[in-house]
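Visitor: Sequence first, predicted model second:
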Amino acid sequence: MATKNKNDIKYYMDLAERMLKEDGERDRAFEEYDRMFHSDFELPKEVNDLQWIRTEVDTSPHDAVSAGTRVLSTLDPGITVQPTRKNLATKELANSWERNLLWQLKSADRRRQAGIVRDVVKSSLLYDEVVINIVDLDWQIKTMQTFKADTKRMEAASRYGRWLINTYNPRDVHVRYSNMMPEAVLLCTVKPAQQVIDEWGDLAKGLEPLTNQDMSDVTLYDYMDYDMRCVWATPKGGDKQGETVIVKPQKHDLPFLPWVAMVGGSTLEHKERYKRQPLLFSIYNSGQWKTSCIVKSLYTSEVIFQSAAARMKEEGPIEETTTEVDYGEPGRLMKVTPGNVATPLQPQTIDQALLAIDDRIGSAMERSTVSRILQGADIPSGTAFATLNLATQTAVGSLKPPKSLSEKALAEMFTVMLLWVEFTKQPLYAYDRDRKSATYGAEYVIDPAEIEPQAIYIEVELKPDVPTDRQQRANTGAMMIQTMDYSKERALEDVGVTDPQEVMRQRIFEKFLENNINQIMAMSQIQMQQALQAGAQAGGVPGGEGFNPAEGGQPPAMANPEMTREMATGMDRMGMEVAEGV
């Protein structure tokens, strides 16, 4: 009988079992999505038993997800922190926070095998769900030290920044949602027992006997809601009798959940497997991918099987000898047995019905996923830019649902960072490392006292890495500035510049330098002209010995390339004195 005591670990073990069971249908769908992405396919037994058959896998699902991931995650995300007040100081503060958060994102990326944005976008495309855990390493190290756990690994990780951002495969995370928000998160992962001991120290010493066994992996359960947290582990396979309690159920002090859990799809669906509708949703439910793999396997195997078929037939009364065919040099003759006739056979053609089915299924899958344009398909020569741009924008439009989900997940991730800063009361530091920026080396600080937890409004924009999209944005922005007196700052944001204020400041600085240089050059030109004219009036050659090549000086023509003969000598070709200034 299940216990109702929330201080008993058995309550959470039973709760975890129910959460795993409720997500069973979801996990089976996720498993199929993984198989399609990894091109993991097996022919049906009745087909695979044929000796001549060869398995041919359709890679369209992998290509579609990879193309969508590349298009949406290549460029830096645009982070916008909404100012809470309408004044210049608050706006400048928001701009500083935006630079700080982008720096934190790039610092956290340095310790990872794959970028955070890339993982978020891929999870949105493949599962229509994103799960991120945001850990403040400074706070975590202090907490682990109270457990007497080894913190060397975390201290080493902290050299890459304050944040440990873990993006999880949604199959390993089970979230209890309400109509308001995620209410509880259960992380269920398989790890080596020794790794769990390294992370949790003396709290996990009950797992030490497992480290001496051949199969030392354990299933680690980490449950957390807005009030309680507990952690336990069981030997791989889920033996509840051999569980080891690492953290007993206890209240935590966090006023927020350090998790981001976002789901796309539709809440209107009754069946759980229909609530998430990722990029491969229709292919999975219709079985198109499996049909495509079977069709490709059939006609590919048929061509390979028939490649060894006879290419000649010999007919005639003599059966003891056969025609000799020399396939050496081009133009060689074929020696036919006297009295017989050798006739070449037409090679077998591919079954056109199979090719037609494959083409139709491929077109249907393309309509359901990502256009070949975004996958790098060749563009016919002579295609007008307007046509290409329209096709590209239409193709990018199919990525809007996963794009929106990724943007919301990243915005919530940055919000959780600020909540951590406000909770720990530790300022968040960042630095400008862009050598092209006029503010290179500047320090950006987020003061906990300036964070209002109830008034954090962050938006993130993922800009598609499509050349026609960037060109169209630039053209539109320039046209709106010229014809509508549009804000240059807003136009730069529309083009995709992540920090338009910094770009405008840098341009103002460049104009200031250009203006000063032009003034200096103009003054130098005037002074040079005056000196040349004075020299001409005094004796002909400007500057005296300093401009005498015989004395090692510079020739007058090099000193002033625009100077004419009359300006240098003060006389015309007839020896007559010229007027001043000519």
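Guide: Everything's here; your move.

Visitor: Go ahead and confirm residue 342 touches residue 314.
Guide: Yes. Between residue 342 and residue 314 there is a contact under Cβ atoms under 8 Å: 5.0 Å. For glycine as for every other residue, the C-beta is placed from the backbone atoms N, C-alpha and C.

Visitor: residue ranges for the strands of the stretch 201-350 of the chain, please.
Guide: Here the stretch 201-350 of the chain has its strands, by DSSP state E, counting those that start in this stretch, at 217-225, 228-235, 244-251, 259-263, 312-315, 324-325, 334-335, 341-344.

Visitor: The stretch 401-550 of the chain too?
Guide: Under DSSP E, counting those that start in this stretch, the stretch 401-550 of the chain gives strands at 428-431, 443-446, 458-461.

Visitor: nearest to residue 338, of these?
Guide: Comparison of the strands of the stretch 401-550 of the chain against residue 338 by Cβ to Cβ identifies strand 458-461 as nearest, at 82.4 Å.

Visitor: now for the closest one, which elements pack on it?
Guide: Judged by 3 or more Cβ pairs under 8 Å, 6 or more residues apart in numbering; DSSP states H and E, strand 458-461 is in contact with strand 78-81, helix 400-424.

Visitor: which neighbours does the shortest one have in its sheet, and in what orientation?
Guide: Strand 78-81 has the following strand partners under DSSP bridges: strand 458-461 (antiparallel).

Visitor: Now do the same contact list for residue 301.
Guide: Listed by Cβ atoms under 8 Å, 6 or more residues apart in numbering, the contact set of residue 301 reads 50, 52-54, 56.

Visitor: if we can go back for a sec, and the strands of the stretch 401-550 of the chain as CSV, adding mean pLDDT?
Guide: Shown next, in CSV, are these (pLDDT from 0 to 100):
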stretch, mean pLDDT
strand 428-431, 91
strand 443-446, 91
strand 458-461, 93
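
Visitor: Any idea which of these gets closest to residue 293?
Guide: Across those, residue 293 has its closest neighbour in strand 458-461 (37.1 Å, Cβ to Cβ).

Visitor: Can you give the distance of the longest helix seen in the chain from its chain's centre?
Guide: Criterion DSSP state H: the longest helix present in the chain is helix 500-538. How far helix 500-538 lies from its chain's middle: 46 Å, per Cα atoms, centre = their mean, to the nearest Å.

Visitor: Contacts only, for residue 72.
Guide: Residue 72 makes contact with 121, 399, 402-403, 406, 462, 464-465, according to Cβ under 8 Å, 6+ apart.

Visitor: now do residue 132
Guide: 116, 120, 165-168, 259-260, 409, 413.

Visitor: one more time with 6 Å, if that's ok
Guide: 167, 260, 413 (Cβ atoms under 6 Å, 6 or more residues apart in numbering).

Visitor: For it, give the beta-bridge partners.
Guide: Going by DSSP bridges, residue 132 forms beta bridges with residue 167, residue 260.

Visitor: returning to what we had before: deepest-packed of the strands of the stretch 201-350 of the chain, please.
Guide: Ranked by mean neighbour count, the strands of the stretch 201-350 of the chain are led by strand 259-263 with a mean of 23 (mean count of other Cβ atoms under 10 Å).

Visitor: and that strand, how far out from the chain's middle?
Guide: The chain centroid and the centroid of strand 259-263 are separated by 18 Å, computed with Cα atoms, centre = their mean.

Visitor: so residue 115 touches residue 108, yeah?
Guide: No. With contact defined as Cβ atoms under 6 Å, residue 115 does not reach residue 108; the gap is 9.4 Å.

Visitor: got a markdown table for the contacts of residue 132, with pLDDT too?
Guide: Listed next are the contacts of residue 132 as a markdown table, based on pLDDT from 0 to 100:
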| residue | pLDDT |
| --- | --- |
| 167 | 94 |
| 260 | 95 |
| 413 | 96 |
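
Visitor: Tabulate the helices and strands packed on strand 458-461 (a markdown table), appending mean neighbour count and distance to residue 252.
Guide: Shown next, in a markdown table, are these (neighbours: other Cβ atoms under 10 Å; distance: least, Cβ to Cβ, whole Å):
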| stretch | mean neighbour count | distance to residue 252 |
| --- | --- | --- |
| strand 78-81 | 20 | 28 |
| helix 400-424 | 21 | 11 |
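
Visitor: Now the weakest link among the ones you listed, please, by mean pLDDT.
Guide: Averaging pLDDT over each of the helices and strands packed on strand 458-461 singles out strand 78-81 as the lowest, with a mean of 91.

Visitor: so whichever helix or strand comes after it versus helix 400-424, what angle?
Guide: As assigned by DSSP states H and E, the chain's next helix or strand after strand 78-81 is helix 88-109. Relative orientation of helix 88-109 versus helix 400-424 (axes from the mean of the first three to the mean of the last three Cα atoms, to 10 degrees): 100 degrees.

Visitor: quick revisit: mind putting the strands of the stretch 401-550 of the chain in JSON lines, mean neighbour count included?
Guide: Shown next, in JSON lines, are the strands of the stretch 401-550 of the chain (neighbours: other Cβ atoms under 10 Å):
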{"stretch": "strand 428-431", "mean neighbour count": "18"}
{"stretch": "strand 443-446", "mean neighbour count": "16"}
{"stretch": "strand 458-461", "mean neighbour count": "18"}
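
Visitor: out of those strands, which comes closest to residue 307?
Guide: Of all the strands of the stretch 401-550 of the chain, it is strand 458-461 that lies closest to residue 307, at 52.8 Å by Cβ to Cβ.

Visitor: The closest one: how far from the chain's middle?
Guide: 15 Å.

Visitor: Kindly report the same for stretch 221-237.
Guide: Worked out by Cα atoms, centre = their mean, stretch 221-237 lies 31 Å from the chain centre.

Visitor: ok, now stretch 409-417?
Guide: How far stretch 409-417 lies from its chain's middle: 16 Å, per Cα atoms, centre = their mean.

Visitor: Same question for stretch 69-81.
Guide: Centre-to-centre, stretch 69-81 and its host chain are 7 Å apart (Cα atoms, centre = their mean).

Visitor: what's the answer for stretch 10-24, then?
Guide: Relative to its chain's centre, stretch 10-24 lies at 33 Å (Cα atoms, centre = their mean).

Visitor: average pLDDT for it?
Guide: Averaging pLDDT along stretch 10-24 gives 93.

Visitor: Likewise for stretch 101-118?
Guide: Here stretch 101-118 scores 89 as its mean pLDDT.

Visitor: got the contact list for that stretch?
Guide: The contact list for stretch 101-118, computed with Cβ under 6 Å, 6+ apart, reads 73, 77, 79, 157, 160-161, 163, 165, 414, 430.

Visitor: ok, back up a step: could you check the angle helix 88-109 makes with the longest helix of the chain?
Guide: Using the same axes, to 10 degrees: helix 500-538 against helix 88-109 is 100 degrees.

Visitor: now for helix 500-538, which elements pack on it?
Guide: helix 488-495 (3 or more Cβ pairs under 6 Å, 6 or more residues apart in numbering; DSSP states H and E).

Visitor: Repeat the analysis, applying 10 Å as the threshold.
Guide: Identification of packing neighbours for helix 500-538 by 3 or more Cβ pairs under 10 Å, 6 or more residues apart in numbering; DSSP states H and E yields helix 88-109, helix 488-495, helix 556-559, helix 565-569.

Visitor: Of the strands of the stretch 401-550 of the chain, which is nearest residue 296?
Guide: Nearest of the strands of the stretch 401-550 of the chain to residue 296, taken as Cβ to Cβ: strand 458-461 at 38.9 Å.

Visitor: Show me what the longest strand along the chain is packed against.
Guide: Identified as the longest strand of the chain according to DSSP state E is strand 182-192. If you count contacts as 3+ Cβ pairs under 10 Å, 6+ apart, strand 182-192 packs onto helix 9-22, strand 129-136, strand 163-168, strand 173-177, helix 193-200, strand 217-225, strand 228-235, strand 259-263.
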